[in-house]
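> 3D model of this:
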Amino acid sequence: MQNPIKSLLESKQLLVVCILYSVFITILFLLPTKEIPKLFDTFIPIDKLVHLFIFLVLTFLWLLYVNNVLNDTKPIVLFLALLVCLLYGIIIEVSQELFVRSRKAEALDVLADLFGASIGLLLFWNFKDRIKS
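Coordinates of the predicted model:
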């Protein structure tokens, strides 16, 4: 039986997954807050952990795809992926401020996005050789 990740990498399915995930989180981030279920906050606000996790997955998925297309991921590609994710986080926050009445832009959300993207990049870097085999 073929490894499910390997079969995903051998087809265009990974691109579809990346695009659908990106569209899904864009919609999620632009929903009014009353549409989003409230979670209790502890010492670290849950919404910051959500941002971190979402950007971890986003970065990891897109790096998988880029690595699959290029057959190698050079440091400049990793840096550009991190930069694109950071810009995406900033664009989302500005869009929330401008277009969604019940949401405000927060610098801490962008910081959580950056930490999540960085962790996703580090996970990808540590596991990229294992994923190919």
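
> all helices of the chain, in order?
4-9, 13-30, 46-70, 75-99, 107-132 (DSSP state H).

> buried set for the second one?
Residues 14, 18, 25, 29 are the ones in helix 13-30 that count as buried (16 or more other C-beta atoms under 10 Å). For glycine as for every other residue, the C-beta is placed from the backbone atoms N, C-alpha and C.

> thinking the third one is in contact with Leu61, fair?
No - applying C-beta atoms under 8 Å, one finds Ile25 not in contact with Leu61, separated by 10.7 Å.

> who touches the nearest residue to Val94 once chain neighbours are set aside in this structure?
For Val94, ignoring the flanking residues on the chain, the nearest one in space by C-beta to C-beta, 6 or more residues apart in numbering is Ala105 at 6.0 Å. Listed by C-beta atoms under 8 Å, 6 or more residues apart in numbering, the contact partners of Ala105 are 93-94, 96-97.

> Likewise for Phe55?
85, 89, 112-117, 120.

> quick one on the thing from earlier: go through the helices of the chain and pick out the most buried.
helix 46-70 (a mean of 19; mean count of other C-beta atoms under 10 Å).
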